[in-house]
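Colleague: okay, here's the prediction I keep looking at, along with the sequence it came from:
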Amino acid sequence: MNLLEQQLNYPLSDTLPESGSALEVAPGVRWIRMDLPFALNHINVWLLRDEIDGQAGWTIVDCCIARDESKAQWDAIFASQLEGLPVLRVVVTHMHPDHIGLAHWLCERWNVRLWISATDFNTARLACTSSTGFGGDNTAQFFASHGLIDPKSMAQIRARTGYYASMVPEVPRSFTRLMDGMNLRVGGRDWRCISGYGHAPEHIALYCDDASLPAPVLISGDMVLPRISTNISVTDIEPESDPLALFLTSINKFKALATNTLTLPSHGKPFEGLHTRIQQLQDHHRDRLEEVMAACATSPCSAMDILPVMFKRKLDLHQTTFAIGEAIAHLHLLWLQGQLKRHVSADGIYRFSCSERPR
C-alpha cells in the first residue's frame, strides 16, 4: 500500500469476491470482480436488489468485455448468486469496453433494457463499426502529429482497426437514457445520477443516501479510483479537446457528497475517504501540470517528449497509446489556458513552448 492509500480506509480489508461469486458490501448491494486480460486485470461490477412492475430481481451495473471467459463468469453468477430471481435491467456507467462489452449479450439473455447516457450509447454504437479513436490510419496520423513516429509502432496502430469491436462486438439497439440529476429507482431506493466528463463522453456515477443504508454509497465507475489515476486522453476524434479540465471540474461534484460515503470503484477495492481521494487526484494532476510546464519552459516539447516526464516506468505500446493521450491532455489544458503556446515544427509535429515565439 502506498502512502496515499494509507489515507483511505478499506472496510473489507483485503477480502475480495471469489470468481463466480458475489460479496455483499451494503444491504442489497453486491460486488462482483471479473477478470480482464490486461495489466489492469479486473473490473468491478455490481448487483443491486431491485423490483420493477412488481417483479423482484436484480439490476446489473457494468458488464466486462465480450469474451468467453467473461460469459462463463456471468453464468456462474446466474447459477449461484441471483436467488432464483431474474435480471431486470442492465446499467452501464460509460462506453469503454470493460464496462459495456457484454451489455448486448446480457440484455438479450434476460430480455431487458440497457440504461446509459445518450452520449455514451451513441459513441459505443459508432465505435463498434469504426476504428476512429482506437486504431487505424486516423489514430496513427494523430499520434504521429504529437511525436509518436517510429515505424514499428505506427504499423501496429494502423493494424489495430478492430480494437474496440473485438471487445464490444455489438451494443443493444435501444436504451433508456440516464442524465445528470436524474433519480434511478432501484429496489425502493433512489440512486442519483452524477455526470462526469473527461474520461468518457458522458460518464454516469450513481449515488444513494437512503436511510436504509448504514452509510451512503457511490458507484463511482472510473471517475474516482482508489489506487490509480483515471486515464484522461485526447483522441483523434476530438483532437483539440480539453478533457483534463473537464475531469477536474467533474470530480469536484463529489465533494458535495457525505464524508462517510462508501465508494464502489470500477477498479480496486471499496473504500472510505472520498473527499481525501478527490484532493489526491487534484494534487496529482497539479503536480503533473507543473512538471509539464517546467519541461516546456526549458525547450519546446511534443507529447512524446513529455512521456518520460510524466511516466517514469517503461511502457509497452498499449500503455504508450494511453500515456500519449494523457500527455496531450495535460499540454492542452496549459495551452488552452494560455500558459503554453503551440506551433507545428517543420517535421509536422506539434510542440508546446512557454516562449512568445516558436523556436
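Modeller: Okay, I see it. Numbering: from 1, shown residues only.
Colleague: quick one: low-confidence parts of the stretch 51-200 of the chain?
Modeller: For the stretch 51-200 of the chain, the stretches flagged by pLDDT under 70 are 131-133.
Colleague: all strands of it, in order?
Modeller: Per DSSP state E, counting those that start in this stretch, the stretch 51-200 of the chain has strands spanning 55-61, 87-91, 113-116, 175-177, 183-186, 189-196. These are given in chain order.
Colleague: how about the helices in the stretch 201-350 of the chain?
Modeller: Under the criterion DSSP state H, counting those that start in this stretch, helices of the stretch 201-350 of the chain are mapped to 243-251, 274-298, 303-310, 317-336.
Colleague: OK, contacts around P226?
Modeller: With contacts taken as CB atoms under 8 Å, 6 or more residues apart in numbering, P226 has the following neighbours: 5, 8, 10, 263, 265, 268-269, 271, 277. In short, each C-beta sits where N, CA and C put it, glycine included.
Colleague: check contacts around the most centrally placed residue in the chain.
Modeller: Here the mean C-alpha position of the chain is nearest to the C-alpha of D222 (CA atoms, centre = their mean), at a distance of 3.8 Å. With contacts taken as CB under 8 Å, 6+ apart, D222 has the following neighbours: 93-94, 96, 99, 199-200, 203, 230, 265-267.
Colleague: you'd agree V234 is up against P243?
Modeller: Yes. Using CB atoms under 8 Å, V234 makes contact with P243 at a distance of 6.2 Å.
Colleague: who touches both of those two?
Modeller: Common neighbours of V234 and P243 are listed as 329, 332 (criterion: CB under 8 Å, 6+ apart).
Colleague: bridged to the residue nearest to L225 when sequence neighbours are not counted, which residues?
Modeller: Counting by CB to CB, 6 or more residues apart in numbering, the nearest residue to L225 once its immediate chain neighbours are dropped is P265, at 4.8 Å. P265 has the following beta-bridge partners by DSSP bridges: G221.
Colleague: any idea how far P265 is from A297?
Modeller: P265 is 35 Å from A297, where distance means CB to CB, to the nearest Å.
Colleague: same deal with S233?
Modeller: Using CB to CB, one gets 24 Å for the distance from S233 to A297.
Colleague: more neighbours: those two, which one.
Modeller: For S233 and A297, the more surrounded residue by other CB atoms under 10 Å is S233, and the numbers stand at 19 against 14.
Colleague: quick one, what contacts the more buried one?
Modeller: When the contact criterion is CB under 8 Å, 6+ apart, the partners of S233 are 243, 322, 325-326, 328-329.
Colleague: go again using 6 Å as the cut-off
Modeller: By CB atoms under 6 Å, 6 or more residues apart in numbering, the contact list for S233 reads 325-326, 329.
Colleague: circling back: for the residue nearest to L225, the count of nearby residues, please.
Modeller: Burial of P265, expressed as a neighbour count using other CB under 10 Å, amounts to 24.
Colleague: on that earlier part again, would you turn the contacts of S233 into TSV with pLDDT, distance to F78 and neighbour count?
Modeller: As requested, the contacts of S233 are exported to TSV (pLDDT from 0 to 100; distance: CB to CB, whole Å; neighbours: other CB atoms under 10 Å):
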residue	pLDDT	distance to F78	neighbour count
G325	97	36	22
E326	98	37	24
A329	98	39	25
